[in-house]
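> Fold the following, please.
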Amino acid sequence: MEAADPNNVLGPYADVPVTLEAQLDRRNFSIRQLMEIEPGSVLRMNRNLGEHIEILVDGTLIGFGEVIVSDNSVGVRVTKWHTSIR
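Sure, this is the predicted structure:
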């Protein structure tokens with residue numbers, strides 16, 4: 001499926017900035033636990049390798065992806081996008 005041209009669909013709104021967030025996990029910590037964190041500490045998450053992470057735009061769920069390593073950088077490969085999660 002070919003992506004729609006944003007200039008035709010959104011007109012002058014196509015360049016409005018939004019915040020895209022790839023959310024790996026959330027954890028609750030006590031103040032004591034936070035005070036024990038130091039450089040080199042490993043913050044373990046509740047996700048397993050291969051699990052989908054959420055992709056949000058301005059706080060709204062818009063897709064899912066998986067964490068990848070590409071050219072020594074961490075990225076997210078999109079696996080489901082807004083048209084397939086509605």
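> can you give me the helices for the chain?
Assignment of helices within the chain using DSSP state H yields the ranges 6-10, 31-35, 82-85.
> I53 reaches I68, doesn't it?
No - in this structure, I53 is not within contact of I68 by CB atoms under 8 Å, at 10.9 Å. Quick note: C-beta positions are derived from backbone N, CA and C, even for glycine.
> Between the two, which contacts overlap?
Contact with both I53 and I68 is made by residues V76, according to CB atoms under 8 Å, 6 or more residues apart in numbering.
> Among the two, which residue is more densely surrounded?
I53 (18 against 10; other CB atoms under 10 Å).
> Provide a list of residues in contact with the more buried one.
Counted by CB under 8 Å, 6+ apart, I53 has contacts 22-25, 47, 64-67, 76.
> please redo it, this time with the cut-off set to 10 Å
Neighbouring residues of I53 by CB atoms under 10 Å, 6 or more residues apart in numbering: 21-25, 45, 47, 63-67, 76, 79.
> How about the contacts made by L24?
By CB under 10 Å, 6+ apart, the contact set of L24 is 43, 45-47, 51, 53-54, 67, 74, 76.
> Kindly write the ChimeraX command that selects the buried subset of those.
Entered in ChimeraX, the line below selects the buried ones among those, by 16 or more other CB atoms under 10 Å:
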select :53,67,76
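> would you turn the contacts of L24 into CSV with pLDDT and distance to I31?
As requested, the contacts of L24 are exported to CSV (pLDDT from 0 to 100; distance: CB to CB, whole Å):
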residue, pLDDT, distance to I31
L43, 89, 16
M45, 83, 20
N46, 82, 20
R47, 80, 24
E51, 84, 29
I53, 92, 27
E54, 93, 27
V67, 88, 29
V74, 86, 29
V76, 90, 31
